[in-house]
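Asks: No sequence on hand, only this structure:
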């Protein structure tokens, strides 16, 4: 373990490209996501408590629970961090001094290559699997319990729901188009274990994906996708999420020309880490909820 | 000669004044360059020793059956189930009203201390109010049942009422 949970929450950025990208989805989920940062602040927001001594007690218990490897919280963090590392390194370094001004998109074009449909489908599916497995680790449900996860999706809110909205928008609709579910479904159907093994994101995550062989793991990935596709489809329809709305909303933050939209997905991929950002917020929330109940 | 004498005299006069001044400057500068005081969480104590071995800590799955059932417009949504801990949300019309939680204090013994000074009971068990949002009891000297408000409409009286909706006798049988 490199960092404690309080450091991770304290270091969450107030403003960066990830935060802008998530805020741009406000049109679909108005007021749903508050970028809660800072460990003490999180404790106050989650519990509604203001007494300093009590906040100290809650924080200490949350830290103890996170530090205990057997509890699964660290594994969930690793998943959220690892899936986001598959994009690229443009993110923080190149964009750090751009925060606060409109980012000239064109300047980054030479560093961006849109992904092929197959690679993008694997990315989308692996992010979904990451959510299933991390959810099970955080909430204490066996790691292959897709059914429990699908039932819980209906109760997702705050940063968790925002993560799912970003998943369908930035890793589904933007790179694959409005029919992303059907398209990704057919790519997954044709995908063989060997092709999966060649994918770098899969190589990083494979140890935590349920299944004894690549074929079984592919089966789990397909099952995760098939069990959540109805939820994704009705979410997109209910919230009225379209490629045009996503890009128009994001153009408030980034100067992206209409004829360069093909690069938009790839740009988001390398400049944001929304799984890690909201994942840390989810972890902190669950730890604090448990800590105040246990002390 | 005369100049030297004057210098000596003035330095003798100035020294008592300069010394504290220099000291103050040094102290001021060193306080500026002193390392920042660390986070209040740096000194967090390690996990407290459990009162039983780790495999004797009751699994959260054993607690679920003793939670208040949903119905009468209330919805109970389980949210966490870990070693020694189970928690569910209490919802009404889509709003989170409260969290319902059961924990095995054998995994976190300091939690029991607060009941030692408790002078009131709920359903015959020692009861405590913590902060503005939490009410709890200790069942069978080991299992903590806690209800936490998540909406301002859900008062301390509501919390007490919901604590009594758990199957407390069932929970006590787990440890007696």
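Replies: Cool, the structure landed. Just so it is clear, the structure is predicted and the values come from calculations on it, not from any experiment.
Asks: what distance separates stretch B:89-103 from the middle of the whole chain?
Replies: Chain-centre distance of stretch B:89-103: 20 Å, with CA atoms, centre = their mean, to the nearest Å.
Asks: Now do the strands in the stretch 101-250 of chain A.
Replies: A:103-104 (DSSP state E, counting those that start in this stretch).
Asks: quick one: low-confidence ranges for it?
Replies: Residue ranges of the stretch 101-250 of chain A with pLDDT under 70: A:101-114, A:142-144.
Asks: which ones are touching the residue in it positioned nearest to chain B?
Replies: Across the stretch 101-250 of chain A, the shortest distance to chain B (CB to the nearest CB) belongs to residue A:140, at 4.1 Å. Every C-beta, even on glycine, is put in place using the N, C-alpha and C of the backbone. Residues in contact with residue A:140 (CB atoms under 8 Å, 6 or more residues apart in numbering or on different chains) are A:72, B:60, B:80-83, B:85.
Asks: Quickly note the distance from it to residue B:70.
Replies: Using CB to CB, to the nearest Å, residue A:140 is found at 20 Å from residue B:70.
Asks: low-confidence ranges in chain B?
Replies: Using pLDDT under 70, the flagged stretches of chain B are B:1-37.
Asks: which bits of it sit near chain A?
Replies: Neighbours of chain A within chain B, by CB under 8 Å from any CB of the partner chain: B:39-41, B:44-48, B:54, B:60, B:77, B:79-85, B:87, B:89, B:99, B:101, B:103, B:107-108, B:110-111, B:130-134, B:144, B:146, B:148-150.
Asks: Give the buried subset of those residues as a ChimeraX selection command.
Replies: In ChimeraX, this line selects whichever of the residues of chain B next to chain A come out buried by 16 or more other CB atoms under 10 Å in any protein chain shown:
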select /B:41,44,60,77,79,80,81,82,83,84,85,87,89,99,101,103,107,108,111,130,131,133,134,144,146,148,149,150
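Asks: Filter the residues of chain B next to chain A down to the ones in strands?
Replies: Using DSSP state E, the members of the residues of chain B next to chain A that fall in strands are B:77, B:79-82, B:85, B:87, B:89, B:99, B:101, B:103, B:130, B:134, B:144, B:146, B:148-149.
Asks: ok but residue B:69 is inside a helix, no?
Replies: No: under DSSP: H, G, I helix; E, B strand; the rest coil, residue B:69 falls outside any helix and is assigned coil.
Asks: which residues does the closest residue to it other than its chain neighbours bridge with?
Replies: Distances taken as CB to CB, 6 or more residues apart in numbering or on different chains place residue B:76 nearest to residue B:69, at 7.0 Å, with adjacent residues excluded. Residue B:76 forms beta bridges with residue B:90, as assigned by DSSP bridges.
Asks: number of nearby residues for residue 71?
Replies: Defaulting to chain A. Applying other CB atoms under 10 Å in any protein chain shown, we find 21 residues neighbouring residue A:71.
Asks: wrong one, I was asking about chain B
Replies: Quick note: residue B:71 (other CB under 10 Å) scores 8 neighbours.
Asks: what do you get for residue A:253?
Replies: Neighbours around residue A:253, by other CB under 10 Å: 17.
Asks: pretty sure it contacts residue A:20?
Replies: Yes: with contact defined as CB atoms under 8 Å, residue A:253 counts as touching residue A:20 (4.1 Å).
Asks: Leaving out the residues flanking it, which one is nearest to the closest residue to chain A within chain B?
Replies: As assessed by CB to the nearest CB, chain A sits closest to residue B:101 within chain B, at 3.5 Å. Nearest residue to residue B:101, sequence neighbours excluded (CB to CB, 6+ apart): residue A:293, at 3.5 Å.
Asks: cool, residue B:153 as well?
Replies: residue B:97 (7.3 Å).
Asks: Then residue A:229?
Replies: Closest to residue A:229 by CB to CB, 6+ apart is residue A:181, at 5.0 Å.
Asks: Pretty sure residue B:136 sits in a strand.
Replies: Yes: per three-state DSSP, residue B:136 lies within a strand segment.
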